[in-house]
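Participant: The amino acid sequence is not available; the structure is as follows:
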């Protein structure tokens, strides 16, 4: 059963979308609306719009849109009910009892509880006789018992049923244990532990919930790390290991490491602001998440080839997210964990010295590029400069750009004017290439080729635009439903998605409900975004009764054309009906 209409309306009234969104991002007023850099994708020019009149948002950069509930679902990675619960708690409302389907929310709660019990079990096992080799492993990596306790590290023993039996004894269902990805299920219905004979690293979210685990083998077997797959409470591409510690560090920078052990070693050395990805390469979501808690990211990856490739990818994502970047180079090619172990009590000062000597991402990229060319030779110098100016062209700050042009000029004994001229030539070519790509994308979007919600748009562009305009007008002017429905029925709406919207909003208006109040609960996030794109489009906001009549005429004309095309196979009565439709469409 759905949540009561009045309750949802009150949730939205008490949680102004501008107030809610501004706690996650910076907003500026633009006319009646608010704009800002989208928290859901990297951008340099604000394309995220909040429409204060109807309490909605839409990003023209990535196509995300919805109401305040959708915003919380997206930014907190919650389902609909849990997002409503969060907003209810925010404004002091109690959730209505037994009036909604709470099954997914209840499952999420049980997964949190199962993960918490699993973490306690793994920690206790680490200090048991069976876990001795796990404890020896951690001690051998120079981790103190205090650090082990702080991170809640543990051990999963070799028996494939130990954790499952423990959790079932506590009352957890097999389905709940499997949903948490703590176990696998055989065809006969029996379950067995996912993690066996591994030291365990709990992954904790910003609210203190254990959401997942990483397990490391203590031998040379593969895979070295086994990580929880995505579950209803965990998305590995949108979380970071130890961000729950780093956000309380008191500094506005994060040290980005490759793995769990690096983070823990750096943390033990006195740097609480260390984080790591969760068995995957850095993602755009993680870069944007870091932007919420830091102004600067210090990349601390291994110096091998894989580490250098990961660094190059991270630089691009972090710079696009608007973060300042430094790159640490650990002496002798060591990883942070090994470097700190070798320094012992002097580890903190030694690592701090490495950080202070680190350069920004531009210096790192130029130094890396410099090692690839022999600039004592003319060909090498030309090739080096041609690649270097491409790096400088990516800098937005003209002062910073001039500084590095001067450095390049001195290094290569080539005039600053020549370096700048070559850079400007490259920027001009790049702008031309980008504009061609942008034009191609715009043309495809306008044609409807890329419309996944309404794939029929490409074949029926005229009727689709008229349908969308009609639906938007109906939503914004519900008092006009009688006029619209007397001239257009659902059978005349040619595209399936728009027909679905026409029926949905007509029924809500007939029943006296606010057209948009339950959209985020009744549609997927992608469909919700599509609806708010339609509602907030320029043609919708500027629509008049005259444009309404024009759209009704277009829909009738296009429907009549469609029926006429089938006339060859039509009966006498069907042809008579088509002719009547054509006459009516021109009245």
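Facilitator: That came in fine, so what should we check first? Note that the structure is predicted; figures quoted are calculated from it, not measured.

Participant: how many other residues sit next to residue 245?
Facilitator: 18 (other CB atoms under 10 Å). Yep, even glycine has a C-beta here, placed from its N, CA and C like the rest.

Participant: To clarify, my last question referred to residue 81.
Facilitator: 21.

Participant: who's in contact with it?
Facilitator: Neighbouring residues of residue 81 by CB atoms under 8 Å, 6 or more residues apart in numbering: 3, 100, 101, 102, 104, 105.

Participant: Secondary structure element for the closest residue to residue 530 other than its chain neighbours, which one?
Facilitator: Spatial nearest neighbour of residue 530, chain neighbours left out: residue 453 (4.5 Å); criterion: CB to CB, 6 or more residues apart in numbering. Following DSSP states H and E, there is no helix or strand that holds residue 453.

Participant: so where do the strands sit in the stretch 201-350 of the chain?
Facilitator: Along the stretch 201-350 of the chain, counting by DSSP state E, counting those that start in this stretch, strands occupy 210-217, 225-227, 253-257, 274-276, 296-300, 324-327.

Participant: Residue ranges in the stretch 401-550 of the chain under the pLDDT threshold?
Facilitator: 438-450 (pLDDT under 70).

Participant: Please apply the same query to the chain.
Facilitator: 1, 98-99, 438-450, 563-587.

Participant: Filter the contacts of residue 81 down to the buried ones.
Facilitator: In those, burial by neighbour count holds for 3, 100, 102, 105, counting by 16 or more other CB atoms under 10 Å.

Participant: dump the residue contacts of the first one.
Facilitator: Taking CB under 8 Å, 6+ apart as the definition of contact, the neighbours of residue 3 are 81, 84, 96, 99, 100, 518, 521.

Participant: Let's verify it: helix, strand, or coil?
Facilitator: Three-state assignment for residue 3 (DSSP: H, G, I helix; E, B strand; the rest coil): coil.

Participant: With distance to residue 435 and mean neighbour count as extra columns, can I get the strands of the stretch 201-350 of the chain in a markdown table?
Facilitator: Shown next, in a markdown table, are those (distance: least, CB to CB, whole Å; neighbours: other CB atoms under 10 Å):
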| stretch | distance to residue 435 | mean neighbour count |
| --- | --- | --- |
| strand 210-217 | 43 | 22 |
| strand 225-227 | 42 | 18 |
| strand 253-257 | 33 | 27 |
| strand 274-276 | 37 | 26 |
| strand 296-300 | 31 | 24 |
| strand 324-327 | 27 | 20 |
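
Participant: Let me have those strands in CSV, extended by distance to residue 35.
Facilitator: Formatted as CSV, the strands of the stretch 201-350 of the chain follow (distance: least, CB to CB, whole Å):
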stretch, distance to residue 35
strand 210-217, 33
strand 225-227, 38
strand 253-257, 27
strand 274-276, 30
strand 296-300, 25
strand 324-327, 23
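
Participant: Residue 235: which of the ones you listed is closest?
Facilitator: strand 210-217 (9.0 Å; CB to CB).

Participant: helices or strands next to the closest one in the packing?
Facilitator: helix 103-126, strand 198-204, strand 225-227, helix 260-268 (3 or more CB pairs under 8 Å, 6 or more residues apart in numbering; DSSP states H and E).

Participant: Out of these, which gets nearest to residue 29?
Facilitator: Nearest to residue 29, of those and by CB to CB, is helix 103-126 at 35.6 Å.

Participant: got a list of contacts for the closest one?
Facilitator: 79, 81-82, 85, 131, 134-135, 138, 148-149, 152-157, 162-163, 166-167, 170, 172-173, 176-177, 179-180, 182, 199-200, 202, 209-213, 231-233.

Participant: hmm, back to that, neighbour-wise, which one of the contacts of residue 3 leads?
Facilitator: Neighbour-wise, those (other CB under 10 Å) top out at residue 84, 26 neighbours.

Participant: gap between the helix or strand encompassing that residue and the chain center?
Facilitator: If you go by DSSP H and E, residue 84 is part of helix 80-91. In terms of CA atoms, centre = their mean, to the nearest Å, the centre of helix 80-91 is set 20 Å apart from its chain centre.

Participant: now swap in stretch 207-223 and tell me
Facilitator: 23 Å.

Participant: which outside residues touch it?
Facilitator: Contacts for stretch 207-223 (CB under 8 Å, 6+ apart): 112, 115-116, 118-119, 122, 133-134, 137, 152, 156, 181-182, 195, 197-205, 224-228, 231, 233-234, 236, 239, 241, 244, 260-261, 278-279.

Participant: what do you get for stretch 319-336?
Facilitator: Contacts of stretch 319-336 (CB under 8 Å, 6+ apart): 37, 42-44, 255, 257-258, 262, 265-266, 284, 287-288, 290-291, 294-300, 302-304, 311, 315, 318, 339, 342, 351, 354-355, 358-361, 363-364, 394.

Participant: Identify each buried residue in that stretch, please.
Facilitator: Neighbour-count burial for stretch 319-336 [16+ other CB under 10 Å]: 319, 321, 323, 325, 326, 327, 328, 329, 330, 335, 336.

Participant: Helices - which of the residues you listed land there?
Facilitator: 319, 336 (DSSP state H).

Participant: Can you tell me which of the buried residues of stretch 319-336 lies closest to residue 15?
Facilitator: residue 321 (26.7 Å).

Participant: in the stretch 351-500 of the chain, which spans are helices?
Facilitator: Assigned by DSSP state H, counting those that start in this stretch, the helices in the stretch 351-500 of the chain fall at 361-370, 378-392, 398-412, 416-447, 461-476, 481-485, 496-510.

Participant: any chance of the ones you listed in JSON lines, with mean neighbour count too?
Facilitator: Conversion of the helices of the stretch 351-500 of the chain to JSON lines gives the following (neighbours: other CB atoms under 10 Å):
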{"stretch": "helix 361-370", "mean neighbour count": "18"}
{"stretch": "helix 378-392", "mean neighbour count": "17"}
{"stretch": "helix 398-412", "mean neighbour count": "15"}
{"stretch": "helix 416-447", "mean neighbour count": "12"}
{"stretch": "helix 461-476", "mean neighbour count": "22"}
{"stretch": "helix 481-485", "mean neighbour count": "16"}
{"stretch": "helix 496-510", "mean neighbour count": "18"}
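
Participant: That concludes my questions; thank you for your assistance.
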